[in-house]
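Peer 1: Requesting a structural model of the entry that follows:
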Amino acid sequence: MENNEFEKGNKFSYAGSIAYAEKAVVSKHVLKKETGNISLMSFDKGEGLTEHTSPYDAVVQIVDGKADIIINGNSNILVAGETIIMPANQPHALKAVEKFKMVLTMIRSK
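Peer 2: Have a look, this model is predicted:
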């Protein structure tokens with residue numbers, strides 16, 4: 001990887017491309033462009049992201065483990081293989097029910 005972005009033209013697995021860190025959240029850019037980002041993240045059990053909003057829709061795909069994705073106060077438990085769209089401008093938060101890895105895809109629009 002160069003500049004914390006995945007090397008193009010080489011295969012990889014999401015689950016094998018990021019490690020867990022004790023009591024931490026780890027993040028890597030798969031792609032980072034003006035039009036949007038794809039990020040790979042790992043969360044230790046109990047870690048998360050506090051409630052916030054984003055001006056863009058974001059797709060969360062769980063690669064490993066179990067997460068609670070809270071959108072507008074509604075809890076959504078997701079496990080590996082499941083996906084949810086966090087709507088733009090709606091408060092959302094994430095919490096690791098178990099340690100988990102996710103792919104976050106955010107596409108910017110005007």
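
Peer 1: Residue 96 sits in which helix or strand?
Peer 2: strand 92-107 (DSSP states H and E).

Peer 1: Sheet partners, orientation included, of that strand?
Peer 2: Each strand paired with strand 92-107, and its direction, by DSSP bridges: strand 36-43 (antiparallel), strand 48-52 (antiparallel), strand 58-71 (antiparallel).

Peer 1: For the first one, which outside residues touch it?
Peer 2: Spelled out, it's strand 36-43. If you take CB atoms under 8 Å, 6 or more residues apart in numbering as the criterion, strand 36-43 is touched by 14, 17-21, 25-31, 56, 63, 65, 67, 94, 96, 99-108. Every C-beta, even on glycine, is put in place using the N, C-alpha and C of the backbone.

Peer 1: Try it again at 7 Å.
Peer 2: By CB atoms under 7 Å, 6 or more residues apart in numbering, the residues outside strand 36-43 that reach it are 14, 17-20, 25-31, 96, 99-108.

Peer 1: Mind checking which of those are buried?
Peer 2: 14, 18, 20, 28, 30, 96, 99-106 (16 or more other CB atoms under 10 Å).
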